[in-house]
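**Q** A structural model of the following input is requested.
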Amino acid sequence: MRITSKANERIKLLRAVLSSKKDRVREGLFAVEGDRVIREAIAAGCLPQVVLLRDPPRRPEAVQALRQALQSLSVQAQVLIVDGPVLNDAIDVTASVDAVALCPTAAVLATPAGSLDVSGLLLAIERLQDPGNLGTLLRTAHAAEAKGIVLVGPCVDPLSPKVVRATAGSLFHVPLALAGSPEEARVALRGVRHVGASARDGVAWDRVDLHANVALWLGGEAHGLTAEARACCDEWVHIPIAGTADSLNVAIAAAVLTFEHVRQRRLARPT
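**A** A predicted model of the protein is given here:
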């Protein structure tokens with residue numbers, strides 16, 4: 001099937017899912033832009049329901065590789081050919097993509113916090129608002145083989161287009177859960193040490209024990225962890241900073257502490 005009109009129902013659906021969290025929730029779908037990231041989603045088991053392909057494509061060989069990946073699926077996605085100007089009108093044209101997929105939200109957000117694997121590192125992030133920061137956190141967690149991320153309280157929508165783009169495919173490799181409150185997250189993440197990241201309090205990052213099973217708590221960009229979240233933490237860690245700098249960006253702080261966990265676990269392995 002070929003789509004030549006901006007009024008096509010599939011184009012309207014794509015536009016709605018890209019622009020509105022309410023529509024993403026109602027439809028149970030989110031958008032994945034770009035042939036490489038779509039193939040990443042497929043490889044991780046997040047199977048698209050609809051795939052829209054630009055015609056003519058900017059990179060025909062990449063689109064052909066995506067078609068081959070789609071043909072290998074046990075459940076076939078609906079593949080639609082879309083005139084270039086029509087697809088440009090529906091998406092952020094600066095994305096410069098040849099393909100957009102609509103994938104089920106349940107494939108990414110189906111993990112309750114209580115069922116996350118706690119045999120390693122988890123990140124509990126409270127009131128995070130910046131899409132780029134969440135994208136960076138997911139990429140960091142993926143690179144460090146973290147067991148999952150729990151978004152605590154009101155946070156940026158992890159399936160918004162800006163977040164999905166910023167994760168560069170890591171969204172499909174890191175279990176992601178939502179918790180309505182710090183207490184809910186604390187109860188769900190049983191059997192681990194809960195370590196809060198602070199600008200000043202606690203042990204320095206290179207002197208705290210992070211190698212065991214641990215949930216690392218970090219607060220959002222504006223005010224850090226709330227009093228309720230702080231009450232959920234068993235101990236504290238900070239990253240000493242020089243001069244008059246106030247604090248590190250939350251994603252940078254998470255990266256420093258996450259890879260300190262990785263370093264300590266490596267040292268703890270028997271040789």
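
**Q** ok, now which ones touch Met1?
**A** 80-81 (Cβ atoms under 8 Å, 6 or more residues apart in numbering). C-beta coordinates here come from the backbone N, C-alpha and C atoms, glycine included.

**Q** Give me the pLDDT value at Thr271.
**A** Per-residue confidence (pLDDT) for Thr271: 58.

**Q** Next one: Leu267 relative to Asp206, how far apart?
**A** 12 Å (Cβ to Cβ, to the nearest Å).

**Q** wait, I meant Ala124
**A** For Ala124, the distance to Asp206 (Cβ to Cβ) stands at 22 Å.

**Q** So between the two, which is more surrounded?
**A** Ala124 (30 against 13; other Cβ atoms under 10 Å).

**Q** Angles on the backbone of the more buried one, please.
**A** phi -110, psi 110 (degrees, to the nearest 10).

**Q** That one reaches Ala185, doesn't it?
**A** Yes: here Ala124 reaches Ala185: they are 5.2 Å apart, a contact under Cβ atoms under 8 Å.

**Q** Tell me the residues that contact both of the two, please.
**A** With Cβ under 8 Å, 6+ apart as the test, Ala124 and Ala185 both reach 150, 152, 179, 215.

**Q** Can you pull the phi and psi angles for the residue lying closest to the second one once chain neighbours are set aside?
**A** Read that as Val152. Nearest residue to Val152, sequence neighbours excluded (Cβ to Cβ, 6 or more residues apart in numbering): Glu126, at 4.2 Å. Dihedral angles of Glu126 (phi, psi; degrees, to the nearest 10) stand at phi -100, psi 130.

**Q** you'd agree Glu126 is up against Pro154?
**A** No: with contact defined as Cβ under 8 Å, Glu126 does not reach Pro154; the gap is 9.2 Å.
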